[in-house]
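next one to model:
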Amino acid sequence: MYHINSYYNAIYNVIHHKVNNLKKTRYLTLKITVFLMLTITAISSYSQKYNKPPLLSASTYQPLLVNEYQDLKDFWVSEKLDGIRGHWTGKILLTKNGHKINVPKDFTEHWPTTPLDGELWLGRNNFNRISSLVRRNHPINNSWLDVRFMIFDLPHHRGDFTGRIKSMKALVASSLADNLFMIEQTKGTTHKALQRQLDDLVAEGAEGLMLHHKTSLYFNGRSTKLIKVKKYYDAEALVLKHIQGSGRNTQKLGSILVRTIDGITFKIGTGFSDKQRMSPPPIGSIITFKYYGKTVNNIPRFASFMRIRKLPQLTTVQK
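Purely as a prediction, here's the structure:
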């Protein structure tokens, strides 16, 4: 009898062990499945990709570019805003690269169905703040209260730029949205007056100016009739290496070795705060730098770090 009981007990233990293992396996499988579903949902909420919108791009101001004009009376002049460019399709808001921007539900509630080209803006010298908001998976309503969408063009309008200005004014005037504005456009006069206006605005914290010829039509590509005017040029480069500093920057970043899109390699050692020298732009990141012309070897003169250009890499920022 003892042997029979031992036999049944052994069978019971084997079956019980297998059932427990099966339960654990199913439970683990369920946990993994739920985790993957949540992860995919979180990622897709930000990185949902649409077709890159067809946008008009500006050329850089150079005397040779505008020397055919005796004056600038045929140009409209506006401030160049340091924000995030946005393309409103009439239903959703996209970055210039075609990624959906997650905004609070009521942010675009009263926006028109007309496609708009503009800038998400928080005021001068607030690029990092607006960039951070745009990159969030889940927008926080209070953080968007001061964000304005500054319209500067109408992509589907078939008229010239003067006609588009009239349409933008009418559109904003008839809108119930309190976050929809049009960038002020004024008539140009002379190159000397333009430089004075540029100096005054830059002294107040502006990034620069935009020139838009009155006959310019909207198309997908770069136009010589849309010109950005700055006191300096800016460009982007890939960070290749960190170089340790000396003197007051001992144990900190001294400079970074970078490479531009056209293959020019050089160092940038200015423009960094002490905090940035302790935590420099990661190797492999894309930065924006400013410079004042180029050498005969095509190397940017007096290059200075401005910021990490995070938006093109779509780095996800969690709440």
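
count of residues packed around residue 248?
Neighbour count of residue 248, defined by other C-beta atoms under 10 Å: 8. For glycine as for every other residue, the C-beta is placed from the backbone atoms N, C-alpha and C.

test my guess that residue 131 contacts residue 82.
No: counting by C-beta atoms under 8 Å, residue 82 is not a contact partner of residue 131; they are 10.1 Å apart.

now the strands for the stretch 1-150 of the chain?
Remark: strands assigned in the stretch 1-150 of the chain by DSSP state E, counting those that start in this stretch are 56-60, 75-80, 84-88, 93-94, 116-121, 148-153.

dump the residue contacts of residue 219.
Shown in contact with residue 219 (C-beta atoms under 8 Å, 6 or more residues apart in numbering): 54, 56.

and the gap between it and residue 55?
As judged by C-beta to C-beta, to the nearest Å, residue 219 and residue 55 stand 9 Å apart.

correct me, but residue 298 touches residue 264?
Yes: using C-beta under 8 Å, residue 298 is in contact with residue 264, at 5.7 Å.

which one of those two is surrounded by more residues?
residue 264 (16 against 11).

enumerate every residue touching the more buried one.
298-300.

and what of residue 55?
Neighbouring residues of residue 55 by C-beta under 8 Å, 6+ apart: 85, 87, 96, 117, 155, 220.

isn't residue 238 right up against residue 257?
No: in this structure, residue 238 is not within contact of residue 257 by C-beta under 8 Å, at 9.7 Å.

hey, where'd the helices end up in the stretch 1-150 of the chain?
Assigned by DSSP state H, counting those that start in this stretch, the stretch 1-150 of the chain shows helices spanning 2-47, 63-66, 127-134.

how's the chain carved up into domains?
According to automatic domain parsing, the chain comprises the domains 1-47, 56-229, 233-313.

looking at those, which has the lowest confidence?
Per-stretch mean pLDDT for the domains of the chain is lowest at domain 1-47 (a mean of 50).

from what I can see residue 308 touches residue 285, true?
Yes: using C-beta under 8 Å, residue 308 is in contact with residue 285, at 5.6 Å.

ok, now which ones touch the nearest residue to residue 54 once chain neighbours are set aside?
Spatially, and ignoring its direct neighbours in sequence, residue 54 is nearest to residue 220 (3.3 Å; C-beta to C-beta, 6 or more residues apart in numbering). Residue 220 makes contact with 54-56, according to C-beta under 8 Å, 6+ apart.

now with 10 Å?
For residue 220, the contact set (C-beta atoms under 10 Å, 6 or more residues apart in numbering) comprises 52-57, 155.

from the residues you listed, list the buried ones, please.
53, 55-56, 155 (16 or more other C-beta atoms under 10 Å).

CSV for those residues, including distance to residue 105?
Output for the buried ones among the contacts of residue 220, formatted as CSV (distance: C-beta to C-beta, whole Å):
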residue, distance to residue 105
53, 22
55, 26
56, 30
155, 24
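
so which of the residues you listed is the closest to residue 228?
residue 56 (12.0 Å; C-beta to C-beta).

quick check: beta-bridge partners of that closest one?
Beta-bridge pairing for residue 56 (DSSP bridges): residue 221.
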